[in-house]
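Student: how does the following fold in three dimensions:
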Amino acid sequence: LVDAAALDKIFPDDGNGKPDRTALFEALSGAKNDPRFWLGLSTTDRLRIEDADTLLSREGFRDDLAEFVKSSDVGLFGILAVTFGEGGGPRREMLLTGPDPGIVDSFATFLLEHPDAAFLEIAEREAGDDNGANDDDARSVVRVFRQGNGKGSRKQVAPILLGHAAGMN
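Tutor: Residues are numbered from 1 along each chain as shown. Below is the predicted model of the structure:
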């Protein structure tokens, strides 16, 4: 992803031994948008980076995700992702999954219908052919949402979801 010319820009021969911050940022930003970078990552690494579109397009992602959720021993697992469109504004998506369709559906209904979540402007979208909800196998149910309010960050989404979880007990 980075060739010798790019490395020369990042580490110019100016004697101070420090990287050029602008060139380093441009190289990292370019790598993040390079499909070759994403293809080399495991599901666990992808989850850490939170790129929903890339995750959902990866063959076998749903099986890997179900295994990850099972090994984490949680009833609900969420991924919040943000990308920036051509105008520079944030585009947010959320993926909810878990082994119990009732729990996932409860949170989905809450996000779509409850007044406390209305400011997020949630709309459900297709999860993709390989990643659809409730196939006749042992995989987790997966539901994906677009968030119309791009300013609704994790700091705003998490308390709403935690509040719903507290009310379920």
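
Student: list the contacts of whichever helix in the chain runs longest.
Tutor: If you go by DSSP state H, the chain has its longest helix at helix 154-168. Helix 154-168 is contacted from outside by 76, 78, 80, 94, 103, 106-107, 110, 114, 116-117, 120, using CB atoms under 8 Å, 6 or more residues apart in numbering. Bear in mind the C-beta positions are built from the backbone N, C-alpha and C, glycine included.

Student: please apply the same query to stretch 110-125.
Tutor: 93-94, 108, 143-149, 152, 156-157, 160-161, 163-164.

Student: so which residues of the protein form strands?
Tutor: 77-84, 90-98, 122-125, 141-147 (DSSP state E).

Student: what about this structure, any weak spots by pLDDT?
Tutor: Along the chain, the model assigns pLDDT under 70 to residues 1-2, 32-33, 35, 38-39, 43-44, 46-56, 128-139, 169.

Student: quick one, helices of it?
Tutor: In the chain, the helices defined using DSSP H lie at 4-10, 21-32, 35-39, 43-49, 52-57, 61-72, 101-113, 154-168.

Student: return the most buried member of those helices.
Tutor: Sort the helices of the chain by mean neighbour count, taking mean count of other CB atoms under 10 Å, and helix 52-57 sits at the top with a mean of 19.
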